[in-house]
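Undergrad: no sequence on this one, just coordinates:
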């Protein structure tokens, strides 16, 4: 046992909450941000402002054309896997091999793709690290072991993880059948939490066809998480945090949530408040594609999806959209943040992004 522990220490395989729960999770969120979310933002900008080079296909695979943004989004699996490997201090040969591992796992995982990539990449990276530079044919052994372990585990667990994500989708669908007030709370909270977790809220909403009033509630919940965390963490992350979380993703806070789950209280409460405000007062409906219901303020895709179906919007409509998407979660999380810091639920540096 002692020799095995020495071997793990020599290979820098550290089994700890910090290494796997905080470092790896935070890195994965950055990989997702640099691909899927940046790609989404570029596609939105190109579509809304009619920017030719952002809306034109630059690569065609088969009969499908990819814009710059679509290419970035398609690489989300590899980017997350490599980011995780980097956080685990994997050697170069392992890092490069995580590219196909992440790509395959994300596809196999469906709506649960990001979480599947998280689990598989950790196991594949650590396996690769263990064999790295242990043989005279390292250039063959390390990538082969990393690839076989990664793809093999993905084949076994990625689909079940996707099924678990679909179970959350079924729970959301159950919530859509409730009274608008209760539905607003349940859908906003569930979809908002899903947005911040390492699973795809956008894929779940798209799969459920979540539009209309339920889509408006989902939008409210997602915006509450993104804008909420951006404002809540302004002290630590300043304007960079406003942009990366408010226009990017609240998933960047997952590492900090694992360290201190209490920082999640304010955005969840904001979701619960914003949901019924959207459904019962302003009757906000998602008029665009269902995927926008799970995007929140990422590239402003959520609000744009609501605005898309308006033919003659009134001042009341605009006030409602602005209040639900930005103002209400910002004010609520700012106020709750003051209280939570005073009672010690949020400590110094708890919301700091790497």
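TA: Structure's in. What do you need? Bear in mind the structure is a predicted one, so any value in this text is a computation, not a measurement. Numbers count the residues shown, from 1 in each chain.
Undergrad: quick one: low-confidence parts of the stretch 101-250 of the chain?
TA: Within the stretch 101-250 of the chain, not a single segment meets pLDDT under 70.
Undergrad: nearest spatial neighbour of residue 352, skipping sequence neighbours?
TA: Distances taken as CB to CB, 6 or more residues apart in numbering put residue 236 closest to residue 352, at 4.3 Å, once the chain neighbours are dropped. Using the backbone N, CA and C atoms, a C-beta is placed for each residue, glycine as well.
Undergrad: Now do the same contact list for the one you found.
TA: Residue 236 makes contact with 349-353, according to CB atoms under 8 Å, 6 or more residues apart in numbering.
Undergrad: which stretch of helix or strand covers it?
TA: Counting by DSSP states H and E, the element that carries residue 236 is helix 234-246.
Undergrad: Tell me the first helix or strand C-terminal of that helix.
TA: Using DSSP H and E, the next helix or strand after helix 234-246 towards the C-terminus is helix 254-259.
Undergrad: Which of the residues in that following helix are classified as buried?
TA: By neighbour count, with 16 or more other CB atoms under 10 Å as the criterion, the buried positions of helix 254-259 are 254-257, 259.
Undergrad: how far does the helix or strand just after that helix sit from the chain's center?
TA: Sequence order places helix 265-276 as the next helix or strand after helix 254-259, per DSSP H and E. Its chain's C-alpha centre lies 18 Å from the corresponding centre of helix 265-276 when counted by CA atoms, centre = their mean, to the nearest Å.
Undergrad: wait, doesn't residue 211 sit right on residue 287?
TA: Yes: contact between residue 211 and residue 287 holds when scored by CB atoms under 8 Å: they sit 7.2 Å apart.
Undergrad: Now the phi/psi pair for the residue of the chain most remote from its centre, please.
TA: The outermost residue of the chain relative to its centre, with distances by CA atoms, centre = their mean, is residue 136 at 40.4 Å. With angles defined as degrees, to the nearest 10, residue 136 sits at phi -80, psi -10.
Undergrad: now the residue most central in space within the chain: how far from residue 93?
TA: Among the residues of the chain, the smallest C-alpha distance to the mean C-alpha position (CA atoms, centre = their mean) belongs to residue 251, namely 4.6 Å. When distance is defined by CB to CB, to the nearest Å, residue 251 is 28 Å away from residue 93.
Undergrad: One more: residue 4?
TA: To residue 93, residue 4 is 23 Å away according to CB to CB.
Undergrad: Same check on residue 210?
TA: The separation that residue 210 has from residue 93, given CB to CB, amounts to 42 Å.
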